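Novice: A structural model of the following input is requested.
(one chain, ligands or ions: 1)
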Amino acid sequence: MTGGCQLPRLVILLTLVLSLARVDSAFAYLKFGYEVNGEARALRWSDAPISYYVSNDAIPSVSVTAFQAAVTRAFDAWDAVPTATVSYRFGGYTTAVPGDADGRSTLGFLHEPTLDRVLATTSYLIDGSTGELLEADIFFNSVFAWSAAEGGGTDRWDLQTIAVHEVGHLNGLGHSAIGETTASPSGRRVESSESVMFPIALPVGDISARTLKADDIAGISDLYPTEDFNRITGSVSGRVIKAGHGVLGAHVVAFDVATGEQVASFTLNTSGQFSIAGLRPGPHLLRVEPLDDADLESFLGADVPIDLRFSPMFHERLVVVPRGGDSGAVTVVVTAK
Ligand SMILES: [Zn+2]
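Specialist: As a prediction, the model looks like this:
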């Protein structure tokens, strides 16, 4: 555990990225995906509750029990979403460490000085023949200074905050692009974010991302929907078109005019199709923008030919999201730049 002056101001929450499921039936959200026997599958758990274990390797500033309490609060944040069925069970402490392929999802610290911009990482173990997700491990890099205090720590990274993001990955969620960054001498600085699944951490000591935002709630509910979910929420779907052709990798954000909440998705195929599920019924404003070119691999993977050459724009009309249904196809036309 070494000093704060060496800390980069921005740290990427890196995930061991599998290829992403670009074309799933709903074109919704960023789900991690993989192919089994030629078939694309979204990464998700088939059984509830999801059991997790805590490595009994502590660091001086965070005891094993404080670690367990902080990560449990992070799991609770996802567990509490009323429109998602996901739930968890603490299985106990273990001498195993994150990354061990033992069939148990293990959370703990590892000392990884070469990963000097990585606070934490989630990795997955999948049965290659059946496609079953066997475990998802989360390691927190003990190179950084951590706090597991319930109120957070001013000059330390908040374990609970980072765990909320990583548990999102453990659930099967990819990154959200709802956030604004600006360039600074040490990299990019996050100005604001409306999703805990934004790939870059807020500044050290910030605990605001302990709380799930509308985008996270829509994402987890889409992946593990309750029976109610599709009945009480609605969706927007359509295409993003430029010069008559579909745009791949456009970021589409739905602003709820009544609440100001934002939920977003991407166009995930060359037809420019998108779908944003889990919206409150009512009028929404759609904004379409290119992804941030400084951080493309965080979202759709390095091998996807994402189109960045168009100007951000608002769709000309408000789109009314019906309760329990879809808006009907919305075509958003963007202009090349
Ligand atoms: Zn991440």
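Novice: give me the beta-bridge partners of the nearest residue to Glu112 once chain neighbours are set aside?
Specialist: Leaving aside its sequence neighbours, Glu112 sits nearest to Asn141 (C-beta to C-beta, 6 or more residues apart in numbering; 5.0 Å). C-beta coordinates here come from the backbone N, C-alpha and C atoms, glycine included. Judged by DSSP bridges, the bridge partners of Asn141 are Leu110.
Novice: burial measure for Asn141, as a count.
Specialist: By other C-beta atoms under 10 Å, 23 other residues sit near Asn141.
Novice: which sections of the stretch 1-150 of the chain are below the confidence cut-off?
Specialist: 1-35 (pLDDT under 70).
Novice: Against Ser51, how distant is the nearest residue to Asp127 once chain neighbours are set aside?
Specialist: Excluding its sequence neighbours, the residue lying closest to Asp127 (C-beta to C-beta, 6+ apart) is Leu134, at 5.7 Å. Look at Leu134 and Ser51: by C-beta to C-beta, to the nearest Å, they are 12 Å apart.
Novice: Could I get the phi/psi values of the closest residue to Gly272 other than its chain neighbours?
Specialist: Using C-beta to C-beta, 6+ apart and skipping the chain neighbours, the partner closest in space to Gly272 is Gly246 (2.9 Å). The phi and psi values for Gly246, taken as degrees, to the nearest 10, are phi -70, psi 150.
Novice: Am I right that Gly246 is in contact with Val240?
Specialist: Yes - judged on C-beta atoms under 8 Å, Gly246 makes contact with Val240 at a distance of 7.0 Å.
Novice: Please determine how far the residue nearest to Asp127 is located from the ion.
Specialist: Distance, Leu134 to the ion, using C-beta to the ion, to the nearest Å: 20 Å.
Novice: Equivalent analysis for Val190, please.
Specialist: 13 Å.
Novice: ok, now Ile241?
Specialist: 30 Å.
Novice: helix/strand/coil for the closest residue to Leu107 other than its chain neighbours?
Specialist: Nearest residue to Leu107, sequence neighbours excluded (C-beta to C-beta, 6+ apart): Ile138, at 4.6 Å. Under DSSP: H, G, I helix; E, B strand; the rest coil, the three-state class of Ile138 is strand.
Novice: and whatever residue of the stretch 51-200 of the chain ends up closest to the ion, how many neighbours does it have?
Specialist: Relative to the ion, the nearest point of the stretch 51-200 of the chain is Pro199 (5.1 Å; C-beta to the ion). Other residues near Pro199 number 23, with proximity taken as other C-beta under 10 Å.
Novice: Surely it touches Leu173?
Specialist: No - using C-beta under 8 Å, Pro199 is not in contact with Leu173; the gap is 11.5 Å.
Novice: show me where the stretch 1-150 of the chain has helices.
Specialist: 64-79 (DSSP state H, counting those that start in this stretch).
Novice: I misspoke; the intended subject was the stretch 151-300 of the chain.
Specialist: 159-171, 214-223, 229-232, 297-300.
Novice: Next SSE downstream of the last one?
Specialist: Using DSSP states H and E, the helix or strand that directly follows helix 297-300 along the chain is strand 313-314.
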